[in-house]
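Visitor: what follows is a predicted structure for the sequence shown.
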Amino acid sequence: MNFMLERAGNTTFKKTRIIDDAVPCAIGEVSRALQSVPAGKLAIVADFAVGAAHGIDAVSRIAAALAADIYAAPFHVRGAVDPLDPSFRGQLPPTTKEINETLSRYHTMMLIGEKVDTFTYDGLCAIPSELQVIQIAPAASQLGFDYPCDIAVLGDIKATLDALATALGAPAASAGGRTVDVPTLEGPVTLTIPPGTSSHSKLRIKARGIERGNEKGDQFVVLKIIVPKSLDDEDKATIKKLQEKHPINPRADLSW
């Protein structure tokens with residue numbers, strides 16, 4: 001008998017309620033540990049879990065509050081950070097020795113997700129022995145996966161980052177802005193669209209364009225804003241209030 005081909009006698013469906021906003025109760029301890037790091041000595045390393053959890057904005061807010069540098073973990077397969085963030089220092093190098101040299105400049109690394117290591121070991125451990133490691137991950141099996149950590153934080157990525165940003169007094173997310181995944185030649189990146197951006201505006205993604213010789217060009221993204229075709233009375237009233245509060249004459253600078 002091939003049980004894979006047998007017809008099931010009973011099929012049951014259940015509606016599952018997913019609780020995905022669990023935050024560690026001791027988030028204040030994590031906040032204090034990060035605030036005690038000397039200025040300019042905190043590196044935030046984000047892997048693909050940050051992009052998957054839509055936590056990129058929170059990472060930028062935390063970095064701004066702590067004057068931290070942001071790195072993407074090596075070989076991430078989707079957008080892990082905002083490449084236009086002024087705190088972004090690039091993707092960590094591909095070899096363990098180069099990662100060690102990069103992280104040795106810091107006192108503390110906050111790893112968000114599971115991976116920081118690579119498969120290209122070249123004689124030196126990727127994590128300097130004196131580096132303090134704080135890791136945030138959604139599963140206990142991911143904590144300390146590559147290297148032991150000083151503080152291991154178990155919780156939903158986005159909810160934990162949002163709570164941490166609030167505890168740090170980080171600036172609120174920009175009203176009206178949003179992030180979108182943009183395809184590039186080397187895989188998708190997450191791009192932050194500033195508030196108030198108009199249709200047909202161009203945003204630059206550095207070093208994601210065509211490679212010519214030893215240099216990589218930039219990729220430009222042209223925005224297209226799609227306006228809903230059907231608006232109810234409440235929508236129209238909201239738009240009217242915005243027009244009254246922010247009167248704009250787009251032809252004011254034209255000579256005709």
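Guide: That came in fine, so what should we check first? Numbers count the residues shown, from 1 in each chain.

Visitor: residue contacts, residue 114?
Guide: 47, 49, 137, 142, 145, 146 (CB atoms under 8 Å, 6 or more residues apart in numbering). Quick note: C-beta positions are derived from backbone N, CA and C, even for glycine.

Visitor: secondary structure element for the fifth one?
Guide: Right, residue 145. Here residue 145, judged by DSSP states H and E, is contained in no helix and no strand.

Visitor: please, which helix or strand holds the closest residue in space to it that isn't next to it in sequence?
Guide: Nearest residue to residue 145, sequence neighbours excluded (CB to CB, 6 or more residues apart in numbering): residue 114, at 5.3 Å. Residue 114 is part of no helix or strand, with elements assigned from DSSP H and E.

Visitor: now the contacts of residue 114 as JSON lines including distance to residue 86 and pLDDT?
Guide: Shown next, in JSON lines, are the contacts of residue 114 (distance: CB to CB, whole Å; pLDDT from 0 to 100):
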{"residue": "47", "distance to residue 86": "21", "pLDDT": "90"}
{"residue": "49", "distance to residue 86": "23", "pLDDT": "88"}
{"residue": "137", "distance to residue 86": "27", "pLDDT": "90"}
{"residue": "142", "distance to residue 86": "29", "pLDDT": "87"}
{"residue": "145", "distance to residue 86": "30", "pLDDT": "82"}
{"residue": "146", "distance to residue 86": "28", "pLDDT": "78"}
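
Visitor: could these go into CSV alongside neighbour count and distance to residue 246?
Guide: CSV is the format used below for the contacts of residue 114 (neighbours: other CB atoms under 10 Å; distance: CB to CB, whole Å):
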residue, neighbour count, distance to residue 246
47, 25, 40
49, 23, 38
137, 23, 43
142, 19, 45
145, 16, 49
146, 17, 49
